[in-house]
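need coordinates for the following:
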Amino acid sequence: MIPADQARVSVLSPMAQYGVNVFEGIRCYSSSNSDNQLFVFRLEEHLARLLRSAKIFGIACPFAVDDLRKHLIESIVANDYHQDTIVRLTLFVDGEGGWSATEPVEMFIAPIQKKRTNTIAPTLLRACVSTWRRIDDNSTPPRVKAGANYINGRYAHLEAVRQGCDVPLLLGYDGKLAEGAGACIFIVRDGTLITPPPTSSSLESITRSSLLELARDAGMQVVERVVDRTELYLADEIFLCGTAAEVAPICSVDNMVVGSGKLGPITLSVLKNYHDVVSGAEPRFASWLTPVY
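Okay, the predicted model is just below:
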C-alpha cells in the first residue's frame, strides 16, 4: 500500500507506450441499512472477465484469484472508504519491452470515491451517431477489456464534443448499433426494452447482463437483437449502462428528441431497481454483493 502519487511505472514500459494492459472497473456501494457497510458489486464476475481478457490479450496473470479478491478489499479498507467507490484493477506489462511483450506482468489496484447517479435529477445526455466505426472481433476484440481498446471510444467522444454533444453512439462493422464509448446501450420501443447482443461489437458487459436479469425479474418485456440506426430516432427512451455510467438516460440523438425529451419511466425504474440491488435492499440478489467490512 502506497500513496497514489508515489506509484511509478516506467515511461518505456509497454503499458506506457502502447496501452498494454487489461483492467476492470469495479463498483462498491454503501449499504441501504446505514450500517457503514460497503458492498462490492459482482466481484467474482469482474475477476473472471479480467482473466478472460488477459488470456485473449496474451498476458499471464501471476496472481491467484483469491489474492486479487483479498488485495482489492484490503485497498478499500486501507483508505477507510465507506461511501460509494469505484476500484480500478489493472494488469499491465512493465519493463522496457515492445508492443508484443508479454512480461513482466504487474498489477495496481486503485479505489476512488465516486457517487452514484442521482435518481431525482439524473443528467440527460445529448448523443450523436459517430462517424468512427466500433472495433470488431476480427480487428481489436471488444470482449477484451484492454486499455488500448478505449482509444476507439476516445476518437468518437472527441468528435461528439466537437459537435456539441455529450456522448457518441457507435455502429459496428455491419452498420448496426454497437454501443456508446465505454458503455452499452438499451432502447425502449412500445414498452419493450431492447439491447444489441455482445456479437454486435460490444463489450460483454456485467452491468448490461445484470440489468437484463433485473428487468426480466421485474416482469418487463426484454429483447436482445440487432438494432438499426434509425431505431434510435424512433425510440421512446434510450439509456447507456456500465460500471461508471450506471444507467445514463439520453434525451436526443443527432439533435432529434428521444421520446418526450425527459427522463423516461422505464429508465427511471431500471435505475432505481439497480440501486436497490447494489445497496443490499433486495435480498434475492444478495449473492451479487461482497461485503467489505
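
where along the protein do the helices fall?
14-18, 43-57, 65-78, 150-162, 206-217, 230-234, 265-278 (DSSP state H).

what are the ranges of the strands in this protein?
With strands called from DSSP state E, the chain shows them at 21-30, 38-41, 85-93, 105-113, 125-129, 167-171, 177-180, 184-189, 192-195, 221-224, 237-242, 246-253, 256-257, 289-291.

for residue 147, report the pLDDT, please.
Listed pLDDT for residue 147 reads 96.

run a quick neighbour tally on it.
Residue 147 has 15 neighbouring residues, counting by other CB atoms under 10 Å. The C-beta positions use only the backbone N, C-alpha and C, and glycine is treated the same way.

enumerate every residue touching it.
Residues in contact with residue 147 (CB atoms under 8 Å, 6 or more residues apart in numbering) are 15, 19, 20, 21, 22, 23, 90, 92.

again, only using 7 Å
Under the criterion of CB atoms under 7 Å, 6 or more residues apart in numbering, the neighbours of residue 147 are 19, 21, 23.

next: residue 182.
150, 153, 242, 244.

most neighbours, which of the contacts of residue 147?
With neighbours taken as other CB under 10 Å, the top of those is residue 21, carrying 27 neighbours.

go ahead and confirm that residue touches residue 90.
Yes: between residue 21 and residue 90 a contact is recorded at 5.2 Å, counting by CB atoms under 7 Å.

for the closest residue to residue 123 other than its chain neighbours, which residues make a bridge with it?
In space, and not counting its chain neighbours, residue 123 is closest to residue 248: 7.2 Å by CB to CB, 6 or more residues apart in numbering. Counting by DSSP bridges, residue 248 is bridged to residue 240.

tell me how far residue 248 lies from residue 207.
Distance of residue 248 to residue 207, given as CB to CB, to the nearest Å: 11 Å.

got it, and residue 72?
Where residue 207 is concerned, residue 72 sits at a distance of 18 Å (CB to CB).

grab the nearest non-local neighbour of the residue in the chain sticking out farthest from the centre.
Within the chain, the residue lying farthest from the chain centre (CA atoms, centre = their mean) is residue 96, at 30.1 Å. Nearest residue to residue 96 in three dimensions, chain neighbours excluded: residue 12, at 4.4 Å (CB to CB, 6+ apart).

how about residue 257?
Distances taken as CB to CB, 6+ apart place residue 251 nearest to residue 257, at 7.0 Å, with adjacent residues excluded.

hang on, residue 231 packs against residue 186?
No: here residue 231 does not reach residue 186: they are 11.7 Å apart, not a contact under CB under 7 Å.

more neighbours, those two?
A direct count of neighbours by other CB under 10 Å for residue 231 and residue 186 places residue 186 higher, at 25 against 15.

ok, now which ones touch that one?
Residues near residue 186 by CB under 7 Å, 6+ apart: 193, 194, 195, 239, 241.

repeat for residue 278
Here residue 278 is in contact with 27, 29, 39, 41 (CB under 7 Å, 6+ apart).

my read is that the third one contacts residue 27, right?
No: shown here, residue 39 and residue 27 do not form a contact pair, counting by CB under 7 Å, at 9.0 Å.

and residue 190, how many neighbours does it have?
9.

distance check, it against residue 231.
Distance of residue 190 to residue 231, computed by CB to CB: 11 Å.

okay, domains of the protein per the record?
Listed domain ranges for the chain are 4-115, 125-278 (source: automatic domain parsing).

can I get those in JSON lines with distance to residue 290?
As requested, the domains of the chain are exported to JSON lines (distance: least, CB to CB, whole Å):
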{"stretch": "domain 4-115", "distance to residue 290": "4"}
{"stretch": "domain 125-278", "distance to residue 290": "11"}
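
I'd say residue 171 and residue 133 touch.
Yes: contact criterion CB under 7 Å: residue 171 and residue 133 qualify, at 6.3 Å.

and those two? Which one has more around it.
residue 171 (21 against 17).

which ones are touching that one?
For residue 171, the contacting residues are 129, 133, 134, 177, 178, 229, by CB under 7 Å, 6+ apart.

and it, what's its pLDDT?
Reported pLDDT for residue 171: 98.

please report how far it lies from residue 86.
Per CB to CB, residue 171 is found 28 Å from residue 86.

with residue 103 instead?
28 Å.

these two: which has the busier surroundings?
Comparing residue 103 with residue 86 by other CB under 10 Å, the one with more neighbours is residue 86, at 17 against 13.
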